[in-house]
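Q: Kindly generate the corresponding structure for this input.
(one chain, ligands or ions: 1)
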Amino acid sequence: MVEIEFRDVGKSFVDKQTGELRPAVSNISLSIAKGEVVSLIGPSGCGKSTLLNMGSGIYAPTSGQVFIAGQQVTKPVREVAFMLQKDLLMQWRTIEDNVALGLEIAGVDKAERLRIANELLVKCHLRGFEKHYPYQLSGGMRQRAALARTLAVDPQVMLLDEPFSALDAQTKMILQQDLAKMLYEKKRTALFITHDLVEGIALSDRLLVMSERPGTIIEEIIIDLPLRDNPLERRKLPEIGPLQGRLMDLLKIGKEEDAVLH
Ligand SMILES: Nc1ncnc2c1ncn2[C@@H]1O[C@H](COP(=O)(O)OP(=O)(O)OP(=O)(O)O)[C@@H](O)[C@H]1O
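A: Below is the predicted model of the structure:
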């Protein structure tokens, strides 16, 4: 069953300098099956976040359509949880109450939502910070709290915009492991953005590589490797190096005059 589908999607924004519409992404067609994990990789500014924002119903496409679980997306969808690059924690709520927010909206009673929130805070290595406010946490801690909040609603579809970018290398690997296990065991579907090539390979069934703006999909790479539920072990496989090399070539990393990743 297809769970996320983009049909020939394009999105343009008004260029502030010229006042004209300028495409950010164009001709995007993709389909992601239930239980699949797919990563979007591409140069800065190629439109990855724009795609995720259309998947979550925040932006309407300029052309084409987006479907989640067979329903055309015209507004934010209940089955989808998204985590944006900016953590968007509410400054006036404690970390615990931020994590429990989605459950509160869904009408889950207080004791149960705090139980779920606290379980996730432990998983995201934030034990002891339940009663703190966002401004009292580091950037990496806030990012972990935002991830816990996304996981708390236990959505069928997750759209994650660089969820691990503010974390140190070791915390990142531990949280990737937790997320990968959860996605695999619960057969959740995820589309996520990363600039970290090995992270994309370690976590995904497939990678979609995008061109520079206006972004379009230039290559699909199927990660035909075992251990999708165990990225710590997958990272050690000998196939990782060559796959990373192929991605570096596609993104022209190291070819100074053509470099597209900033
Ligand atoms: N609301 C908006 N209004 C005008 N232009 C926008 C808007 N959102 C995005 N853009 C432009 O669209 C292009 C794609 O932006 P987007 O954030 O989707 O790229 P990205 O691939 O996610 O970048 P990065 O990897 O740096 O996060 C950029 O040139 C950006 O300036």
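Q: near the ligand, anything from stretch 35-47?
A: Yes. Using Cβ under 6 Å from any ligand atom, stretch 35-47 reaches the ligand at 42, 44-47. The C-beta positions use only the backbone N, C-alpha and C, and glycine is treated the same way.
Q: in that stretch, what counts as buried?
A: Applying a neighbour-count criterion of 16 or more other Cβ atoms under 10 Å, one finds 35-43, 46-47 buried in stretch 35-47.
Q: Report the distance from the top helix by length along the chain to the chain centre.
A: If you go by DSSP state H, the chain has its longest helix at helix 169-185. Helix 169-185 sits 13 Å away from the centroid of its parent chain (Cα atoms, centre = their mean, to the nearest Å).
Q: Who are the packing partners of it?
A: helix 139-152, helix 197-203, helix 231-234 (3 or more Cβ pairs under 8 Å, 6 or more residues apart in numbering; DSSP states H and E).
Q: closest to the ligand out of those helices?
A: helix 197-203 (13.0 Å; Cβ to the nearest ligand atom).
Q: Check which residues of that closest one are buried.
A: By neighbour count on 16+ other Cβ under 10 Å, the buried set for helix 197-203 is 197-203.
Q: mind putting these in a markdown table, pLDDT included?
A: Shown next, in a markdown table, are the buried residues of helix 197-203 (pLDDT from 0 to 100):
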| residue | pLDDT |
| --- | --- |
| 197 | 95 |
| 198 | 95 |
| 199 | 95 |
| 200 | 96 |
| 201 | 97 |
| 202 | 97 |
| 203 | 97 |
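Q: what residues does this protein put near the ligand?
A: Going by Cβ under 6 Å from any ligand atom, the residues of the chain near the ligand are 13, 24, 42, 44-50, 213.
Q: Which of those residues fall in helices?
A: Those of these lying in helices (DSSP H): 48-50.
Q: Just the buried ones among those, please.
A: Members of these classed as buried by 16+ other Cβ under 10 Å are 48-50.
Q: just to revisit the earlier point, make JSON lines out of the buried residues of helix 197-203 and add distance to residue 81.
A: Shown next, in JSON lines, are the buried residues of helix 197-203 (distance: Cβ to Cβ, whole Å):
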{"residue": "197", "distance to residue 81": "25"}
{"residue": "198", "distance to residue 81": "25"}
{"residue": "199", "distance to residue 81": "20"}
{"residue": "200", "distance to residue 81": "20"}
{"residue": "201", "distance to residue 81": "24"}
{"residue": "202", "distance to residue 81": "22"}
{"residue": "203", "distance to residue 81": "17"}
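Q: tell me which of those is nearest to residue 239?
A: residue 201 (8.5 Å; Cβ to Cβ).
Q: OK, contacts around the closest one?
A: Each residue near residue 201 by Cβ atoms under 8 Å, 6 or more residues apart in numbering is listed here: 207, 223, 225, 234, 240, 243-244, 247.
Q: Equivalent analysis for residue 212, please.
A: 42-43, 45-46, 260.
Q: on that earlier part again, and the buried residues of stretch 35-47 as a markdown table, adding distance to residue 134?
A: Formatted as a markdown table, the buried residues of stretch 35-47 follow (distance: Cβ to Cβ, whole Å):
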| residue | distance to residue 134 |
| --- | --- |
| 35 | 33 |
| 36 | 33 |
| 37 | 28 |
| 38 | 30 |
| 39 | 27 |
| 40 | 27 |
| 41 | 29 |
| 42 | 30 |
| 43 | 31 |
| 46 | 30 |
| 47 | 29 |
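Q: Of those, which pair is most distant in space?
A: Taking Cβ to Cβ, no two of the buried residues of stretch 35-47 sit farther apart than 35 and 43, at 29.0 Å.
Q: of all the buried ones among the ones in helices among the residues of the chain next to the ligand, which comes closest to residue 7?
A: residue 50 (16.0 Å).
Q: Could you find the closest non-adjacent residue to the closest one?
A: residue 24 (4.9 Å; Cβ to Cβ, 6 or more residues apart in numbering).
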